[in-house]
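J.: Have a look at this prediction, sequence included:
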Number of protein chains: 2
Amino acid sequence: MKINPTRFLQDLHNLRQFGAAGQGKGVVRPAYSKDDIAARQWLAGRMEDAGLVPHFDAVGSLWGLVDGPSILLGSHTDTQPEGGWLDGALGVIMGLEIARAAQEVGGPPVSVVNFQDEEGRFGVTTGSSIWGGVLSLEMADELQDRDGITFAEARASMAHLTHDFVDPKRFTGFIECHIEQGPWLDEANEAVGVVTDIVGIRDMRITFDGQQNHAGTTPMHRRQDAFQALSIFNTRLNQRMRNVVTPQTVWTIGHVSLHPNAHSVVPGRAVFSMQWRDGNSDRLARMDRIIRDTAAEVAEEMGMELSYGQMLGLEPVLMDARLQTALAEAAEAEAPGRWRKMQSGALHDAANVARHMPAAMLFVPSINGISHDFAEDTDERDLVTGLQVLARAVAALG
Amino acid sequence: MKINPTRFLQDLHNLRQFGAAGQGKGVVRPAYSKDDIAARQWLAGRMEDAGLVPHFDAVGSLWGLVDGPSILLGSHTDTQPEGGWLDGALGVIMGLEIARAAQEVGGPPVSVVNFQDEEGRFGVTTGSSIWGGVLSLEMADELQDRDGITFAEARASMAHLTHDFVDPKRFTGFIECHIEQGPWLDEANEAVGVVTDIVGIRDMRITFDGQQNHAGTTPMHRRQDAFQALSIFNTRLNQRMRNVVTPQTVWTIGHVSLHPNAHSVVPGRAVFSMQWRDGNSDRLARMDRIIRDTAAEVAEEMGMELSYGQMLGLEPVLMDARLQTALAEAAEAEAPGRWRKMQSGALHDAANVARHMPAAMLFVPSINGISHDFAEDTDERDLVTGLQVLARAVAALG
């Protein structure tokens, strides 16, 4: 099989014209937007040209299918509200080029997928979650975006294109190429990362309810200040986490909402997000206990009521060993000494696909670790190296 | 002079019908609302009945004037969006009753004032700030409320009633009675507080700018998390403040705004309010230095950019010694052993009036320290005791 780097890069650049932001190579192509649908229709044409059978499933995920059993390559082409040109688009176009090259020499059989709404306008990796059986279509249909549009309404806008879901049994395995979205490969001047596992995630809201009061007449020792409770909780949590975490573990308070959130009022309520990620389910559970114990301790000491929102979670997903080996051998052949095995701290479609079949992921560097931003970019030599690694692995897997 | 407690209480209860919230004795009567203007017109009629000359000044503050030099009593009848029935209304109706009783016996001469927008729909103690020369009418006219309505537009709604500002030189002094809005008198079962001083206030916004990033792929040691900077700043500040403050000093972070304020994003920016109050200008300045030094230190350590918003400030105001003495002697006569001298942690119109003339304040208890709430209340016996103390002090001052 002879891949064509020029044709591959040309397809990538053609794709970024759909929803081009007019700032650098930035792209605005959220799921089900006019530009998103146009990009998918263009891609369906390229699949047909490549000898694949294009097929939109019930939620608008686009498949380029070959007859009989095949390996599946791909990712997603929808973007964040302000996205970069590569992100998931890279994995889709890489799949297209490899499937096309394979068609040209009569094998191995390669199919391609472009999942819908990976970026979570409605859910989280919505298209592959539904296909992976993590989320029912009925429940997905009720999800709303920020403007109150339901998933059911959004996917109806593609109804003239869509058909049934594709049977996962036709695929022997799945490999997703994606930009790293982190700094490690770029900093080490390495070209390729072979993903060992996708970390698990826990996410919930915590609320401290104290006593709203006058910021002038309420003495310090009589306050039940919910912001102070949050600050003390955060400080203690950081100290305690250090005893259980690895250098890859992360935990984040990214959202804070005080009530009434006014200069002259002692905050009576603090609602905040608590999110943590790690590759090990047991560690996620230990962190959960530390978080709840620390929050309860602070609430008790400060006379606060404590409550928790719904806990969202995804378990860590190990990548398939045989596919990892094929990718590692290909990486060493194409970029000797310039690749590593690494964890994915970000969630990807592969985590859902792994419920149906062996799955693996390949990373290429992100310049300065930037992603989900118009400035996102990767050196084109690294894009081509990634393509060569993936093609070699697919050929080896037969 | 013979005050009439029944008539006084009846006027207080009549006033709370204007904007009655329908919850307990709660009142909704923000500055320039229909109910606020109706209440002021009703009060102008009561003043006229009492032998005073009612006069609306250019911003709608209502005056009940006697000829020649007089002492001035009063406060304000506008309320918070959800207010109690007493707050400033108490001081106005108390002034009315004492002026009326004095008229009935031919002296001493007592005038009454009901300032406009003490609660700060537009500014802070807006009516008395303008009259006190702290804020120019031109600048005030550009202030906007939360709905974008300007002070100029709001006061135009009273233009059919208003006249010139009143010359401060006609008054020999000012005494404002107000509910305490704090817990101390109620807890000690005391009836009266004689205010020694109104604390000064400093208020500004502080911004930490770090680096927004992916909460999954950005390792902890590489984050520039603006919420973490805020939390560390808060912890250190609390430790350092303890070395310089008194039990009356307060400092508050009441408003916090993170950007982008999302569960899965390391916050790149934290904007928060910093407000501190104390009766001593030097201490306010020392606290200012500690705040700025601590913020700069945290910013330096964490690689944050640091910026400050406009610093708002009011200096502490000492109450006039002679008026304090008259109030203290009257308190001891009317409520022996059941009164105290105390600081006001809340700002009041008296702080602005003090720029023109000797000024003093009298507090009555707030049940459970509650104010700016429908549940705000004071035992009617304490209201009457406050009236008796104020009347005795006014009589003694001649």
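T.: Structure's in. What do you need?
J.: Please count neighbours and contacts with C-alpha atoms only from this point.
T.: OK.
J.: Buried residues in the one helix or strand in chain A whose mean pLDDT sits lowest, which are they?
T.: Here the helix or strand of chain A ranked lowest by mean pLDDT, DSSP states H and E is strand A:312-314, holding a mean of 84. By neighbour count on 16 or more other Cα atoms under 10 Å in any protein chain shown, the buried set for strand A:312-314 is A:L314.
J.: do stretch A:270-283 as well
T.: A:270-281, A:283.
J.: Where strands are concerned, which of the residues you listed count?
T.: Of the buried residues of stretch A:270-283, the ones assigned to strands by DSSP state E are A:A270, A:V271, A:F272, A:S273, A:M274, A:Q275, A:W276, A:R277, A:D278.
J.: still on that earlier bit, out of the buried residues of stretch A:270-283, which is nearest to chain B?
T.: A:S273 (5.7 Å; Cα to the nearest Cα).
J.: Verify the stated contact: that closest one with B:N261.
T.: No: with contact defined as Cα atoms under 8 Å, A:S273 does not count as touching B:N261 (9.2 Å).
J.: List phi and psi for A:T125.
T.: Dihedral pair for A:T125: phi 40, psi 60, per degrees, to the nearest 10.
J.: got it, and the one 10 residues further on?
T.: The phi and psi values for A:L135, taken as degrees, to the nearest 10, are phi -130, psi 130.
J.: what would the ones in strands among the buried residues of stretch A:270-283 look like in a markdown table with pLDDT?
T.: Below are those laid out as a markdown table (pLDDT from 0 to 100):
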| residue | pLDDT |
| --- | --- |
| A:A270 | 98 |
| A:V271 | 97 |
| A:F272 | 98 |
| A:S273 | 96 |
| A:M274 | 97 |
| A:Q275 | 96 |
| A:W276 | 97 |
| A:R277 | 96 |
| A:D278 | 95 |
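J.: near chain B, from the residues you listed?
T.: Contacts with chain B within those, counted by Cα under 8 Å from any Cα of the partner chain: A:S273, A:M274, A:Q275, A:R277.
J.: Please name the bridge partners of the second one.
T.: The one in question is A:M274. Counting by DSSP bridges, A:M274 is bridged to A:M204.
J.: Could you pull up the residues touching A:I232?
T.: By Cα atoms under 8 Å, 6 or more residues apart in numbering or on different chains, the contact set of A:I232 is A:V298, B:T235.
J.: sec struct for it, please.
T.: For A:I232, the assignment made with DSSP: H, G, I helix; E, B strand; the rest coil gives helix.
J.: how close does it sit to A:R46?
T.: Distance, A:I232 to A:R46, by Cα to Cα, to the nearest Å: 56 Å.
J.: Now do the same contact list for the nearest residue to A:E187 once chain neighbours are set aside.
T.: Counting by Cα to Cα, 6 or more residues apart in numbering or on different chains, A:E187 lies nearest to A:N368, which is 7.6 Å off, once chain neighbours are set aside. Residues in contact with A:N368 (Cα under 8 Å, 6+ apart) are A:G182, A:P183, A:D186, A:E187.
J.: Export those as TSV, with columns for pLDDT.
T.: Listed next are the contacts of A:N368 as TSV, based on pLDDT from 0 to 100:
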residue	pLDDT
A:G182	90
A:P183	90
A:D186	96
A:E187	95
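J.: Show the buried residues in those.
T.: By neighbour count, with 16+ other Cα under 10 Å, the contacts of A:N368 hold A:G182, A:P183, A:D186 as buried.
J.: Contacts only, for the first one.
T.: Yep, that's A:G182 we're talking about. A:G182 makes contacts with A:P365, A:S366, A:N368, A:G369, A:I370, A:S371, B:T217, B:T218, as judged by Cα under 8 Å, 6+ apart.
J.: how about 7 Å then?
T.: A:G182 is in contact with A:S366, A:G369, A:I370, B:T217, B:T218, counting by Cα atoms under 7 Å, 6 or more residues apart in numbering or on different chains.
J.: same question, the second one
T.: A:P183 is in contact with A:S366, A:N368, A:G369, counting by Cα under 7 Å, 6+ apart.
J.: Give the helix, strand or coil label for the residue of the stretch 51-200 of chain A found nearest chain B.
T.: Using Cα to the nearest Cα, the closest approach of the stretch 51-200 of chain A to chain B is made by A:G182 at 5.4 Å. Following three-state DSSP, the label given to A:G182 is coil.
J.: so where's the longest helix in chain A?
T.: helix A:281-302 (DSSP state H).
J.: Can you tell me the strand partners of the helix or strand just after that helix and which way each runs?
T.: The helix or strand immediately downstream of helix A:281-302 is strand A:305-308, counting by DSSP states H and E. Strands that pair with strand A:305-308, judged by DSSP bridges, come out as strand A:200-209 (antiparallel).
J.: that older thread, mind putting the contacts of A:P183 in CSV, pLDDT and secondary structure included?
T.: Converted to CSV, the contacts of A:P183 look like this (pLDDT from 0 to 100; DSSP: H, G, I helix; E, B strand; the rest coil):
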residue, pLDDT, secondary structure
A:S366, 96, coil
A:N368, 91, helix
A:G369, 89, helix
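J.: Which residues of chain A lie near chain B?
T.: A:181-182, A:215-220, A:231, A:248, A:250, A:252-256, A:258, A:261-267, A:273, A:275, A:277, A:345-346 (Cα under 7 Å from any Cα of the partner chain).
J.: Among those residues, which ones are in strands?
T.: Counted as lying in strands by DSSP E, out of the residues of chain A next to chain B, are A:V250, A:T252, A:V256, A:L258, A:V265, A:V266, A:S273, A:Q275, A:R277.
J.: How about the second one: what's its closest non-neighbour residue?
T.: Okay, so that is A:T252. Residue nearest to A:T252 in three dimensions, not counting chain neighbours: A:Q275, with 5.2 Å by Cα to Cα, 6+ apart.
J.: can you tell me which residues contact that neighbour?
T.: Counted by Cα under 7 Å, 6+ apart, A:Q275 has contacts A:R202, A:D203, A:M204, A:W251, A:T252, A:I253, B:H263.
J.: Could you export those to JSON lines, including columns for distance to A:D67, pLDDT and neighbour count?
T.: Formatted as JSON lines, the contacts of A:Q275 follow (distance: Cα to Cα, whole Å; pLDDT from 0 to 100; neighbours: other Cα atoms under 10 Å in any protein chain shown):
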{"residue": "A:R202", "distance to A:D67": "40", "pLDDT": "94", "neighbour count": "19"}
{"residue": "A:D203", "distance to A:D67": "41", "pLDDT": "93", "neighbour count": "22"}
{"residue": "A:M204", "distance to A:D67": "44", "pLDDT": "94", "neighbour count": "16"}
{"residue": "A:W251", "distance to A:D67": "45", "pLDDT": "98", "neighbour count": "24"}
{"residue": "A:T252", "distance to A:D67": "46", "pLDDT": "98", "neighbour count": "23"}
{"residue": "A:I253", "distance to A:D67": "48", "pLDDT": "98", "neighbour count": "24"}
{"residue": "B:H263", "distance to A:D67": "43", "pLDDT": "88", "neighbour count": "21"}
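J.: which one of the residues you listed sits closest to B:L327?
T.: Ranked by distance to B:L327 (Cα to Cα), those are led by A:I253 at 52.4 Å.
J.: No more questions from me, cheers.
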